[in-house]
Structure formats: C-alpha cells, structure tokens
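> Requesting a structural model of the entry that follows:
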Amino acid sequence: MIGQGRQIFVDELERFATEVADSRCAAIANRLAAPLRVAVSGRRGVGRSTVARALARAADLRGTITLSTSPEVDVDVYVVAEVVKPEDRDAIAAANRPVVAVLNKADLIATGQPGLHRHGPTSAARTRCAGLSARTGLPIQPVVGVLAVAALDDVLDDALWAALQVLATRPADLSSPDSFLTGGHPVAVELRRRLLDTLDVFGVEQALEAIRDGATRDQTRAVLRRLSCIDDVVDTIGSIGAQVHYRRVLDAVAELETLAVTDLRVGEFLSCDDTVIARMTTAVDVVEAAGMQVDRCDSGAAHLRRAMGWQRYSRGPVAGLHRACGADIVRGSLRLWSKVGSSA
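You can find the predicted model right below:
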C-alpha cells in the first residue's frame, strides 16, 4: 500500500500525459517532479559555503534536492557554529518557509578534545544542539561540513592515502594542528598540511583509526561521510519536504480539476483507483514525517479500520494541511477496501 509518495503520483500523471498526448498534463507533471529547492544561509565564518558544497554533492547523489540562490526556495538550511547569536534568531524567525538548522564544526564541541568519535557526535555536541534548539525554538542537528566534503568529493588521492598509511603505522603528534605540522615525521610537511586542509585534525584521527582497523580507501571515505552527519541533514530536509511535495500535489490536482471541466479524460484520471491511492501515499509521507504511524496492513479489515481512524483525525483540531492528508488517506483506504471486500 505505502509507496514512494509524491513519486507515485508523478509516475501516474506522466503515464497519463503520455497516453493522451496532453502537453498541459505533462507540464504539470514536470513541475511536480522538480526536486526540492534548498538555500543555505548563516553568519560569516560559520562554514555555510562548506555545508552548501556538501549538501550539493549529497543532493547530486540522491537527486532529491537542488541548491538554489533564487528567491524561489522551498526549504532554508541555516548554519550556526558554537553559539546562536541574536541575528541568528532573527533570521530564523523571519523565514517564511521551513527551516533546517545545523550546528557546523560539531567535532569541536568538547572540552579540550575533538567533539566526535567513531560512532558520531558525542553527548557534548548533542547537548550543545539541544541547548541551542531551546533558544531558537527549532531542532538543530550537528554536522561536520569539512568531513562531508572530503568524503563526497573523494579528495583522498593517492598521495594523501599513502600519507595516511604511513601515519597509521608511524603516529604523529596530533594534539594540535601546529604540533602535527612542526613535529618531525617521515611524511612531508606539505602532505601533512594538505591533510589538515582536507580533513582537519579530527578527520585525520578518524581516518587513521579506520585504517588501523583494516579499512580500505572507500571504507574510510564511508566512515568520514557517516561521521559528518550530512546524510542525517539530507534526510531531515526530505522529511520537511514531504509537506512541500504534498502541497505541490494539491496544487496539481487543482489545475487538473480545471482541465477536467472540458476534458473528461482528465476527470477520469483524477477519479481512478491508481490516482486516488497515489494521493493517499503522498499524504502518508506527510503524517509519517510528522511522527505518526499509519497501519500498513493490506486486509479489508485494516483498510476499513484505517479509513475510520483517519476520518476521526481529519475532523479533529488539526491544521488544514493535515486535515487534507486525513481526507486523502480515508479516500485511498476506502478505495482499497472496496477492491478487496470486507471478507479479506
């Protein structure tokens, strides 16, 4: 029953547009299929360009979001570092679209030591995020932009990888960047400087730990990517984007209903089983992204139970968007129930 939400509706609309050779429906499908438009902002010095570069690369790999500098933006990513200043709070409060806030340089959030370990942000980084969230009224996620860029841009070339291999067996002084550069070591100073520029001290330490555990170059890149937390940020953007996609579906349906006044085929498309169920899956994405559970059972009893439950939900004290979601889940569930019958 539950699919890829908006993409299911897009696929159905594209199929219909091709079948009837209607350029108007094809144009609606193209707008609906467009990836989320994301803008990255923040104060100078917080590393917003690094975070933007990492998000752009992660988005290229997934194809689900695109970085934008135009006014036409769906989601803002706001970058902070160390503290939330009054101008940060003002910028977040003034946003007229969904905001994802991230704490960059999370590896530095600890007393005297890097703020991450091999399993991700330490309690120090997460505690800092919780405290900053309380000040902004918005959840804040840790991220290490430099590691994300290093992993996603595949910057560990042969020379840097060979240098890391030597450092794994001949440890250097990594207590500070200056100690790493000035201490005597077989690895040339220029290569050590490149490692710092690419990975910073924390990234070097984590890469060496992975190598000592037997990791290959690709596995080491995967470790750095995981520690960067960039995929968690992309997932959060996707969750917030579920509402954006659903609104696009509602807008597309409104356009199609206008076309249906003079084209019966469009009306038949909007009322067919596949379209109604596709709208339901898009609505399911929204409510699940908000933390609610949707019964995934496919029996007739489950479909009817789901319809009754979401009808009660949509009649309750909920926002208009969620009321529309509830109505779509009800319609889709009843359509499924009618197909399998009450005895299933």
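> pLDDT of stretch 107-114, averaged?
Average pLDDT, stretch 107-114: 61.
> what distance separates the strand or helix carrying Leu224 from the centre of its chain?
Assigned by DSSP states H and E, Leu224 belongs to helix 217-228. Chain-centre distance of helix 217-228: 18 Å, with Cα atoms, centre = their mean, to the nearest Å.
> Now whichever helix in the chain runs longest: buried residues?
Identified as the longest helix of the chain according to DSSP state H is helix 230-260. For helix 230-260, the neighbour count (16 or more other Cβ atoms under 10 Å) marks 230-234, 236-246, 248-250, 252-253, 255-256, 259-260 as buried. From N, CA and C alone the C-beta is placed, and that goes for glycine too.
> Find the nearest non-adjacent residue to Ala59, please.
Ile65 (4.3 Å; Cβ to Cβ, 6 or more residues apart in numbering).
> wouldn't the one you found be in contact with Gly241 here?
Yes: at 7.3 Å, Ile65 counts as touching Gly241 under the criterion of Cβ atoms under 8 Å.
> quick one: common contacting residues for those two?
Both Ile65 and Gly241 are contacted by Leu36, Val75, under the criterion Cβ atoms under 8 Å, 6 or more residues apart in numbering.
> contacting residues for Gly45?
Ala81.
> Actually, Val253.
Contacts of Val253 by Cβ under 8 Å, 6+ apart are Leu270, Arg279.
> Just the buried positions in stretch 55-75, please.
Of the residues in stretch 55-75, Leu55, Ala56, Arg57, Ala58, Ala59, Thr64, Ile65, Leu67, Ser68, Val73, Asp74, Val75 count as buried by neighbour count, 16+ other Cβ under 10 Å.
> Which residue is the nearest non-sequential neighbour of the third one?
I take that to be Arg57. Excluding the flanking residues, the one nearest Arg57 by Cβ to Cβ, 6+ apart is Leu152, at 3.8 Å.
> was I right about that neighbour contacting Leu55?
No: here Leu152 lies out of contact with Leu55, judged by Cβ under 8 Å, at a distance of 9.4 Å.
> Overlap of the contact sets of those two?
The contact sets of Leu152 and Leu55 overlap at Ile230 (Cβ under 8 Å, 6+ apart).
> quick one, domains of this protein?
Domain ranges of the chain: 36-148+229-234, 156-228, 295-344, per automatic domain parsing.
> right, so the ones you listed: which one is the most enclosed?
Among those, the stretch with the highest mean neighbour count (mean count of other Cβ atoms under 10 Å) is domain 36-148+229-234, at a mean of 18.
> and that one, how far from the chain's centre?
Taking Cα atoms, centre = their mean, one finds domain 36-148+229-234 lying 12 Å from the centre of the chain it belongs to.
> and the end-to-end length of it?
11 Å (Cα to Cα, to the nearest Å).
> now stretch 33-53
Stretch 33-53 has an end-to-end distance of 23 Å (Cα to Cα).
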